[in-house]
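Enquirer: for reference, the sequence and a predicted model appear below.
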Amino acid sequence: MLKILYFAGLREATGSGSEELVLPAGVHSVEGLLAHLRARGGAWTEALAVSKRVRAAVNQDMAAGETPVKDGDEVAFFPPVTGG
Amino acid sequence: MLKILYFAGLREATGSGSEELVLPAGVHSVEGLLAHLRARGGAWTEALAVSKRVRAAVNQDMAAGETPVKDGDEVAFFPPVTGG
Amino acid sequence: MTVRIQKEDFDVSREIAALRSGNPQIGAVASFIGVVRDLNDGSTVATMTLEHYPGMTEKAIDKIIVEAKGRWQVYDALVIHRIGTLAPLDQIVLVVVTSAHRGDAFAACEFIMDYLKTQAPFWKKEQTPDGARWVEARASDDKAAERWGSKG
Amino acid sequence: MTVRIQKEDFDVSREIAALRSGNPQIGAVASFIGVVRDLNDGSTVATMTLEHYPGMTEKAIDKIIVEAKGRWQVYDALVIHRIGTLAPLDQIVLVVVTSAHRGDAFAACEFIMDYLKTQAPFWKKEQTPDGARWVEARASDDKAAERWGSKG
């Protein structure tokens, strides 16, 4: 099981703050998981488009596309940060 | 007439905080005035030696050796500053 | 090392006194306060709401401070970041760094702010006369963080 | 632009609030506090006395602030420097710079400190167990000021 979190504009666009997801077959990385979520269509496809510069964290560390994702991980997706 | 001020270690070494001095003949610059004061001998020669890295200000602006000195000026001599 | 995420405002004097407390070897204290402006990207800002990622925020800022301590001679560092709804003139973030000498204090303080701007999971939503909008990340912030070189 | 030379201590929060007052376009406040250390150049410091050149001090710091305002986008700057006798842990100097953005605030604040260190007529005399001594100027302070390039 994966815990997936969405923040800020991404949370609003997908209408989802968090979800639990069985690690989909063939998904081993952040990029793979993103592709899986995009394939849901509609708001998901649009909100997670490459042009949106979606950022990710795995287990609360900033992650890249190739960062591994495995069962039990907490994965978060969000726009570029704007604090400070 | 010149007003001459001495600060910090230079004030202590010369025993003088300030003095009024008729602009000596032939003195037209900070370096000329320094040479004149050094020629007093004793503590003056020692305190104003080139090795002491004496700094100067003319009319309250940082000055160099070639900065002009004229009648009515306020000239100050002091060690490198150490505030802040 | 102190990291606090809070709704409440902070008092700079009190925070600096606490960070300096009991260390007479500190000669330099550099600090930075980020403040809500009433105008951003051409629109009037009435209020701003700060969202964050609890847990990751503290962890990310801890990492930034540890990195700064590895690069410069620093005694201690403090980061306070507010969340919730803020208005123009409100303080948003405080970074304080103590050091023996000013060069280290300035560099570490600016480094922490630059990295916080690109690495700490906060997002700002502004209320403007044209409605609410999420603040866009600035390319200049990426550049500011990049000029410190690679993190490793 | 505010420059104050005083015996009294200062409160950073209060000074920052006064400098920011009424300007909701300020987004960044960088500040620096210099503090008396109990150990300097290998000797224990009991107290330190600060001498200055009244009149020139204010003029020199004014010039430094004007120079900083010419180089960076700065709303306002404040310098407070204490004189008289101070003890370890006492605050010596405060520099605060307000700006729309942090890069300008940090640069101007550090520039003002670096120039103050070489251009403002203050001298420190330390009381140590071996007697009183005038603090020697540091080559590193000349270097710090020089790296900003020529003043013109």
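Expert: Received it, and whenever you're ready, just let me know what you need.

Enquirer: need the longest helix for the chain.
Expert: As the question left the chain open, I've gone with chain A. helix A:30-38 (DSSP state H).

Enquirer: wrong chain, I was asking about chain C
Expert: Across chain C, the helix with the greatest residue count (assigned by DSSP H) is helix C:102-119.

Enquirer: does chain D have contacts with it?
Expert: Yes. Using C-beta under 8 Å from any C-beta of the partner chain, helix C:102-119 reaches chain D at C:102, C:103, C:105, C:106, C:109, C:110, C:113. Placement of C-beta: from N, CA and C, glycine included.

Enquirer: coming back round to it: against which helices or strands is the longest helix of chain A packed?
Expert: Where contact means 3 or more C-beta pairs under 8 Å, 6 or more residues apart in numbering or on different chains; DSSP states H and E, helix A:30-38 is packed against strand A:2-6, helix A:42-47, strand A:55-58, strand A:74-78.

Enquirer: one more time with 7 Å
Expert: On a contact count with 3 or more C-beta pairs under 7 Å, 6 or more residues apart in numbering or on different chains; DSSP states H and E, helix A:30-38 meets helix A:42-47.

Enquirer: can I get the helix it packs on in CSV, CA atoms only?
Expert: C-alpha atoms of helix A:42-47 as CSV (Å, rounded to 0.1, in the frame of the first residue of the first chain):
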residue,chain,number,x,y,z
GLY,A,42,-9.8,14.2,-16.7
ALA,A,43,-8.6,16.4,-13.9
TRP,A,44,-5.8,13.9,-13.1
THR,A,45,-4.3,14.1,-16.6
GLU,A,46,-4.5,17.8,-16.6
ALA,A,47,-3.2,18.5,-13.1
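
Enquirer: what is it packed up against?
Expert: Checking 3+ C-beta pairs under 7 Å, 6+ apart, helix A:42-47 ends up next to helix A:8-14, helix A:30-38.

Enquirer: for residue A:66, find the nearest of those.
Expert: helix A:30-38 (6.5 Å; C-beta to C-beta).

Enquirer: how is the residue of chain A found nearest chain B assigned, secondary-structure-wise?
Expert: Nearest to chain B in chain A, going by C-beta to the nearest C-beta, is residue A:84, at a distance of 28.3 Å. Secondary structure assignment for residue A:84 (DSSP: H, G, I helix; E, B strand; the rest coil): coil.

Enquirer: can you report how many residues lie near it?
Expert: Residues lying near residue A:84 (other C-beta atoms under 10 Å in any protein chain shown) number 23.

Enquirer: so it sits against residue C:117, correct?
Expert: Yes. The pair residue A:84 and residue C:117 passes the contact test of C-beta atoms under 7 Å, sitting 4.5 Å apart.

Enquirer: and residue C:133, how many residues sit next to it?
Expert: Residues lying near residue C:133 (other C-beta under 10 Å) number 16.

Enquirer: SS state for it?
Expert: The three-state assignment at residue C:133 reads strand, by three-state DSSP.

Enquirer: separation between the closest residue in space to residue C:107 that isn't next to it in sequence and residue C:145?
Expert: Excluding its sequence neighbours, the residue lying closest to residue C:107 (C-beta to C-beta, 6 or more residues apart in numbering or on different chains) is residue C:72, at 5.5 Å. Residue C:72 sits at a distance of 16 Å from residue C:145 (criterion: C-beta to C-beta, to the nearest Å).

Enquirer: and if you look at residue A:59?
Expert: Residue A:59 sits 22 Å away from residue C:145, going by C-beta to C-beta.

Enquirer: show me which of the residues of helix C:102-119 next to chain D neighbour chain A.
Expert: Applying C-beta under 7 Å from any C-beta of the partner chain to the residues of helix C:102-119 next to chain D, one finds that residue C:113 fall near chain A.

Enquirer: so residue C:30 touches residue C:103, yeah?
Expert: No. Between residue C:30 and residue C:103 there is no contact under C-beta under 7 Å: 9.7 Å.

Enquirer: and the two? which has more neighbours close in?
Expert: Each of residue C:30 and residue C:103 has its neighbours counted (other C-beta under 10 Å); residue C:30 has more, 30 against 20.

Enquirer: and the more buried one, what pLDDT?
Expert: pLDDT recorded at residue C:30 is 98.

Enquirer: is it fair to say it lies in a strand?
Expert: Yes. Membership of residue C:30 in a strand is supported by three-state DSSP.

Enquirer: so what's it up against?
Expert: C:97, C:105, C:106, C:109, D:32 (C-beta atoms under 7 Å, 6 or more residues apart in numbering or on different chains).

Enquirer: and the pLDDT for the nearest residue in space to the last one that is not next to it in sequence?
Expert: When the adjacent residues along the chain are set aside, residue D:32 lies closest to residue D:95, with 4.6 Å between them (C-beta to C-beta, 6+ apart). For residue D:95, the pLDDT comes out at 98.

Enquirer: could you give the number of residues near residue D:95?
Expert: A count of nearby residues for residue D:95, using other C-beta under 10 Å, gives 28.

Enquirer: report the contact partners of it.
Expert: Residues near residue D:95 by C-beta under 7 Å, 6+ apart: D:31, D:32, D:79, D:109, D:112, D:113.
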